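Q: build me a model:
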Amino acid sequence: MGKYFGTDGFRGEANKNLTFEHAVQIGRYLGWYYGARQNKKAKVVIGKDTRRSSYMFEYALCTGLMASGADAYIMHVTTTPSVAYITRVDDFDCGIMISASHNPYYDNGIKLLNGHGEKMDEETILKVEDYLDGKCEVPVAEGHEIGRTVDYVAGRNRYIGFLISMSKYSFKGVKVGLDVANGAAWMIARGVFEALGAKVYVMNDQPDGYNINTDCGSTHIGHLQKFVVENGLDVGFAYDGDADRCLCVDEKGNVVTGDHTLYIYGLYMKERGKLLNNKVVTTVMSNFGLYKALDKVGIEYEKTKVGDKYVYENMVKTGNRIGGEQSGHTIFLKYETTGDGILTSLKLMEVMLAKGKPMSELAAPVVFYPQVLKNVRVKSKPDAQNDPDVQAAVKRVADELGDTGRILVRESGTEPVIRVMVEADTDEICEKYVDSVIDVIKAKGHLA
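A: Residues are numbered from 1 along each chain as shown. Below is the predicted model of the structure:
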């Protein structure tokens with residue numbers, strides 16, 4: 001990770017950590033960089049979520065791009081996966097999404113995508129950061145070389161058509177609840193489900209610039225659980241602010257997580273001979289219950305670091321076709337390069353309709369194990385993590401748990417914190433083992 005850009009873009013509080021000047025400079029560098037690389041005017045597509053500051057950053061990015069000679073194609077309010085899709089299929093040099101995902105309205109972010117719709121490579125991002133730090137200069141376009149903006153709502157419409165084409169079944173007669181989080185999905189999700197014939201019940205679809213993710217969406221799933229039960233719906237789906245993740249609620253009001261999705265669709269692929277390598281890709285934070293369920297049906301799995309970036313990298317390298325995170329980022333590599341909440345919900349609908357089973361029955365084999373996770377502030381993450389006595393304590397817990405649970409000790413990517421997590425049959429067992437490791441970290445003097 002660089003100085004400004006993390007694993008999911010340049011993120012911060014609008015006009016504090018992330019300013020409109022940053023956005024102008026990012027546009028300036030990218031407009032020049034892609035134009036100079038191919039010796040012709042660069043084409044960049046931009047989308048945004050519903051935050052009030054997204055409009056400011058949109059115009060700032062466009063200003064920078066045009067000043068460097070690029071044409072900026074504006075998709076307006078749309079989802080992160082739609083920008084990734086259109087960047088790739090419409091041959092843009094790069095794509096930019098303005099969003100802070102599931103964060104509150106006062107935060108925002110700038111996500112950069114390469115011409116393949118993938119997260120931009122580290123080398124190019126470091127060049128952008130050098131420009132932000134004043135380590136290099138780029139020329140200003142003049143005369144006929146100055147860029148322009150293009151209204152590109154057609155790109156969003158093309159993406160909607162792509163989503164509709166993904167369904168093999170009519171949704172006629174199915175009652176579906178959607179929590180669009182007052183975010184980017186509010187203009188897209190309802191239309192897709194209605195076009196496929198569903199009877200759609202939508203909540204949190206009145207964005208005002210301030211209410212994105214506020215007590216709604218995939219980070220506040222309880223409201224959708226109640227909504228589904230009270231309205232007698234067959235299934236419900238909740239998205240986050242930029243709709244790159246999806247959590248589901250079954251007809252009984254139970255939460256169906258990203259881990260459940262990996263099991264449900266992974267098994268569906270296996271049954272049809274579509275699960276290449278017989279593997280799904282998870283992160284180290286997937287629940288132990290997922291692995292037990294996958295073992296029972298003979299599906300193998302790989303574990304990556306936390307972050308959909310690492311899941312995608314693994315899938316590209318290995319050819320595995322489905323992967324994701326418990327939080328609801330699910331990547332279907334055959335169709336897209338990023339997690340897509342709306343596509344995920346369509347894929348879950350496909351399994352329901354193909355098998356003629358309710359979501360509760362499809363998800364039932366994944367029984368989540370109790371989990372206790374505690375954060376320990378330390379002086380040095382590597383010193384604490386690599387301490388022989390700490391490692392011995394972790395191994396002792398792992399040996400005692402055997403195949404009845406697991407322990408995971410990892411460093412935070414953003415804080416001076418070691419995370420100690422145990423999954424086991426009961427909360428009491430989890431607490432006991434987590435505390436036993438933390439006690440060793442304390443005894444060895446690693447606490448900050």
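Q: need phi/psi at the nearest residue to residue 155 once chain neighbours are set aside.
A: Closest residue to residue 155 apart from its sequence neighbours, by CB to CB, 6 or more residues apart in numbering: residue 86 at 4.2 Å. (Glycine included, C-beta is placed from N, CA and C.) The phi/psi pair for residue 86 (degrees, to the nearest 10) reads phi -70, psi -40.
Q: same check on residue 249?
A: According to degrees, to the nearest 10, residue 249 has phi -130, psi 130.
Q: next, count neighbours for the nearest residue to it once chain neighbours are set aside.
A: The spatial neighbour of residue 249 that comes closest, neighbours along the chain excluded (CB to CB, 6+ apart), is residue 236 at 3.9 Å. Neighbours of residue 236 under the rule other CB atoms under 10 Å: 31.
Q: quick check: residue 236 is in a strand.
A: Yes - counting by DSSP: H, G, I helix; E, B strand; the rest coil, residue 236 is located in a strand.
Q: per-residue confidence at it?
A: For residue 236, the model assigns a pLDDT of 98.
Q: contact partners of stretch 385-397?
A: Residues from elsewhere that reach stretch 385-397 (CB atoms under 8 Å, 6 or more residues apart in numbering): 384, 407, 409-411, 418, 422, 433, 436-437, 440-441, 443-444, 446.
Q: for residue 373, state which of those residues is nearest.
A: Closest approach between the contacts of stretch 385-397 and residue 373, by CB to CB: residue 422, at 8.2 Å.
Q: which SS class is that closest one?
A: Under three-state DSSP, the three-state class of residue 422 is strand.
Q: tell me the pLDDT at it?
A: For residue 422, pLDDT reads 96.
Q: and the one 5 residues further on, by the same measure?
A: Among the per-residue scores, residue 427 holds a pLDDT of 94.
Q: go ahead and confirm it touches residue 372.
A: Yes - assessed by CB atoms under 8 Å, residue 427 is found in contact with residue 372 at 6.4 Å.
Q: neighbour count winner among these two?
A: residue 372 (18 against 12).
Q: dihedrals phi and psi, the residue lying closest to the more buried one once chain neighbours are set aside?
A: Nearest residue to residue 372, sequence neighbours excluded (CB to CB, 6+ apart): residue 430, at 3.7 Å. Per-residue torsions, residue 430: phi -60, psi -50 (degrees, to the nearest 10).
Q: so what's residue 430 up against?
A: Residue 430 neighbours (CB under 8 Å, 6+ apart): 370, 371, 372, 405, 422, 423, 424.
Q: the fifth one touches residue 434, doesn't it?
A: Pointing back at residue 422 there. Yes - using CB under 8 Å, residue 422 is in contact with residue 434, at 4.9 Å.
Q: can you tell me how far the most centrally placed residue in the chain sits from residue 311?
A: The chain has residue 329 as the residue nearest its centroid, 4.4 Å off, counting by CA atoms, centre = their mean. In this view, residue 329 and residue 311 are 7 Å apart by CB to CB, to the nearest Å.
Q: cool, residue 41 as well?
A: Using CB to CB, residue 41 is found at 35 Å from residue 311.
Q: okay, the two: which has more neighbours?
A: residue 311 (28 against 19).
Q: contact partners for the more buried one?
A: 281, 282, 283, 304, 323, 324, 325, 329, 331.
Q: what number of residues lie near the residue nearest to it when sequence neighbours are not counted?
A: Closest residue to residue 311 apart from its sequence neighbours, by CB to CB, 6+ apart: residue 323 at 4.3 Å. Residue 323 has 30 neighbouring residues, counting by other CB under 10 Å.
Q: one more: residue 143?
A: Neighbour number of residue 143 under other CB under 10 Å is 5.
Q: separation between the closest residue to residue 351 other than its chain neighbours and residue 363?
A: Counting by CB to CB, 6+ apart, residue 351 lies nearest to residue 268, which is 4.8 Å off, once chain neighbours are set aside. Counting by CB to CB, the separation of residue 268 from residue 363 is 12 Å.
Q: same check, this time on residue 253
A: In terms of CB to CB, residue 253 sits 12 Å off from residue 363.
Q: please apply the same query to residue 103.
A: Residue 103 is 28 Å from residue 363, by CB to CB.
Q: show me which of these two is the more surrounded one.
A: Neighbours per residue, other CB under 10 Å: of residue 103 and residue 363, the larger number sits with residue 363, 23 against 20.
Q: scan the contacts of stretch 385-397 and report the most crowded one.
A: The most crowded member of those, judged by other CB under 10 Å, is residue 422 (29 neighbours).
Q: about what we covered before: what packs against the helix or strand hosting the residue nearest to residue 311?
A: Element membership of residue 323 [criterion: DSSP states H and E] is strand 322-324. On a contact count with 3 or more CB pairs under 8 Å, 6 or more residues apart in numbering; DSSP states H and E, strand 322-324 meets helix 258-271, strand 279-283, helix 308-318, strand 330-332.
Q: what's the angle from the longest one to helix 308-318?
A: Pointing back at helix 258-271 there. Relative orientation of helix 258-271 and helix 308-318, computed by axes from the mean of the first three to the mean of the last three CA atoms, to 10 degrees: 20 degrees.
Q: I appreciate the help and will end here.
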